[in-house]
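> Kindly generate the corresponding structure for this input.
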Amino acid sequence: MLKAKILFVGPCESGKTVLANFLTESSDITEYNPTQGVRILEFENPHVTSNNKGTGCEFELWDCGGDPKFESCWPALMKDSHGVVIIFNADIPSHLKEIEMWYSCFVQQQFLQDTQCLLIAHHKPGSGSGKGALSLSPPLNKLKLVHSNLENDPEEIRMEFIKYLKSIINSVSESRDREEMSIIT
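Here you go, the predicted model:
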């Protein structure tokens with residue numbers, strides 16, 4: 001059984017916990033309560049298997065608090081992560097600048113590939129779909145960007161997340177295969 005660790009990071013009040021609960025089919029939270037440190041959700045997705053071998057996959061989704069006061073904990077959170085999902089509220093202009101720091105810290109400094117990163121522009125209920133083009137600065141403009149609106153089109157974000165999970169599992173599987181081959185040779 002393959003296991004993958006995915007981090008959900010981003011600025012405060014961007015919707016990380018709501019998305020994490022929705023995508024892992026966990027409980028619904030109706031009122032805003034900032035995540036203190038990290039919340040770990042373990043789940044399996046029947047649509048995701050390892051390289052068509054039919055091997056099941058387990059995921060740990062680490063829903064990380066967005067408050068900078070937790071920055072001292074970030075190295076521990078990042079350890080052994082396979083992917084990073086950066087979530088931001090597209091309706092808050094300061095979030096576009098803040099996600100550059102999240103990308104630098106959680107993706108670049110951990111030497112993750114851009115394919116291991118997903119950007120989600122989350123639109124809160126009542127904010128409209130807002131699927132207009134966002135002007136992201138390099139290197140963010142090279143990342144896969146998905147708009148999330150759980151009110152208007154919840155299945156779109158679910159399908160995009162499954163595609164992302166599949167790419168992460170393929171990466172983990174290939175890495176494991178390479179490791180096994182290096183032991184043999």
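> any idea which residue sits dead centre in the chain?
Residue closest to the average C-alpha location in the chain (Cα atoms, centre = their mean): residue 85, at 2.2 Å.
> so that residue bridges to which residues?
Residues in a beta bridge with residue 85, per DSSP bridges, are residue 8, residue 118.
> Check the one 4 residues further on too.
With DSSP bridges applied, residue 89 shows beta-bridge pairing to residue 122.
> Can you show me the strands along this structure?
Per DSSP state E, the chain carries strands over the ranges 2-9, 38-44, 57-64, 83-89, 117-122, 144-148.
> what angle do the second one and strand 2-9 make?
Spelled out, that is strand 38-44. On the basis of axes from the mean of the first three to the mean of the last three Cα atoms, to 10 degrees, strand 38-44 is oriented at 140 degrees to strand 2-9.
> and what of the fifth one?
Comparing the axes of strand 117-122 and strand 2-9 via the same axes, to 10 degrees yields an angle of 50 degrees.
> by contact count, what packs against the longest helix along the chain?
If you go by DSSP state H, the chain has its longest helix at helix 154-184. Secondary-structure packing of helix 154-184 (3 or more Cβ pairs under 8 Å, 6 or more residues apart in numbering; DSSP states H and E): strand 2-9, helix 16-23, strand 57-64, strand 83-89, strand 117-122, strand 144-148. C-beta here means a position set from N, CA and C on the backbone, and glycine is covered the same way.
> I'd say the residue nearest to the centre of the chain and residue 14 touch.
No. Using Cβ atoms under 8 Å, residue 85 is not in contact with residue 14, being 10.9 Å away.
> low-confidence ranges in this protein?
Applying pLDDT under 70 to the chain flags residues 28-31, 50-55, 128-133.
> picking that back up, pull out the buried residues from the longest helix of the chain.
For helix 154-184, a neighbour-count test (16 or more other Cβ atoms under 10 Å) marks 157-158, 160-161, 164-173 as buried.
> how far off strand 2-9 does it point, in degrees?
Using the same axes, to 10 degrees: helix 154-184 against strand 2-9 is 130 degrees.
> now helix 154-184: how far from the chain's centre is it?
Helix 154-184 has its average C-alpha position 13 Å from the chain's average C-alpha position, going by Cα atoms, centre = their mean, to the nearest Å.
> Compute the inter-axis angle for it and strand 144-148.
Relative orientation of helix 154-184 and strand 144-148, computed by the same axes, to 10 degrees: 150 degrees.
> Now do helix 154-184 and strand 83-89, the angle between them.
Angle, helix 154-184 to strand 83-89, by the same axes, to 10 degrees: 160 degrees.
> winner for burial among the helices and strands packed on helix 154-184?
strand 83-89 (a mean of 26; mean count of other Cβ atoms under 10 Å).
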